[in-house]
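Student: Generate coordinates for the sequence data below:
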Amino acid sequence: MEFSRPVVLVHGAWHGAWCWATFQAELDRRGITSYAIDLPGHGTSLEPLGGLDQDAAHLATILDHLDLTDAVLVGHSYGGAVITQAAAGRSDLTHLVYVTAFALNAGESVMGALRSLDPHDVDLGAAMQFHSDGTSTLDPRLAVAALYGSCSPEAIAAALPRLSPQPGATMTQDVTGTPRNAISSTYVRCLQDRAIHPEHQAVFAARCTAQFDLDTDHSPFVSMPVALADIVDPIARPA
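Tutor: I've put the predicted structure just below:
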């Protein structure tokens, strides 16, 4: 039996491990072992919400606890910042996969990177609601266009009630390393994305070893799970 490298799936802002379920089922069908994690305060996590540093430390703790050597980290959206920070200085990771994600360099934050790029209109900003405790939530009516434009009505109905508050600190804290200098990486650009503009994704993709384009929305793990698995599959197979 051919075994795969472990694939660790890190969700983006306002989401949880739940968002990877359809994609994990496709990886299971291919015999690829995957682990979807809840960042602190998201999904079923009972831990308090934190910033980027806390999220990255949580991921690092899971990698150490499960002894996931030779792992492939897959980060979606904000999760790209998490895998970048968690991977900095590690020598036990095989590959970083950025799914319409923030492939940051040392000294950049999510918001800092966006401010440095030419402005492009997307639907995410209109969906965001800011609160006095420093978190943001998404208006479910507006989140559909921003996140799930290519998804089925049934998938959308299942996802919207699961969206949860996101701390502002996750967007403003800088990453402290650029692990792509030592670890190979792949960028998956989503051409119909209304949360992170494809032109912004192109800037991040240029920082990675390889790039693939999918003609879909911000949530390809739901809208195009087979095509996304086709990209991850050869990365996860032993050389």
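
Student: ok so Glu26 is a helix residue?
Tutor: Yes - when DSSP: H, G, I helix; E, B strand; the rest coil is applied, Glu26 is found to be in a helix.

Student: Make sure it is actually in contact with Ala227.
Tutor: No - checked against C-beta atoms under 8 Å, the pair Glu26 and Ala227 is beyond contact range at 9.7 Å. (Glycine included, C-beta is placed from N, CA and C.)

Student: More neighbours: the two, which one.
Tutor: Here Glu26 and Ala227 are compared on neighbour count by other C-beta atoms under 10 Å; more neighbours surround Glu26, at 19 against 15.

Student: got a list of what that one touches?
Tutor: Listed by C-beta atoms under 8 Å, 6 or more residues apart in numbering, the contact set of Glu26 reads 225-226, 228-229.

Student: and of those residues, the nearest to Asp53?
Tutor: Leu228 (28.3 Å; C-beta to C-beta).

Student: Quick check: that closest one vs Thr172, distance?
Tutor: Here Leu228 is placed at a distance of 29 Å from Thr172 (C-beta to C-beta, to the nearest Å).

Student: which one of these two has more residues nearby?
Tutor: With other C-beta under 10 Å as the criterion, Leu228 and Thr172 differ in neighbour count, and Leu228 comes out ahead with 27 against 13.

Student: Specify the local secondary structure of the more buried one.
Tutor: Local secondary structure at Leu228 is given as helix here, using three-state DSSP.

Student: can you offset everything so residue one is 568?
Tutor: Noted, 568 is the first residue going forward, which turns the last one into Leu795.
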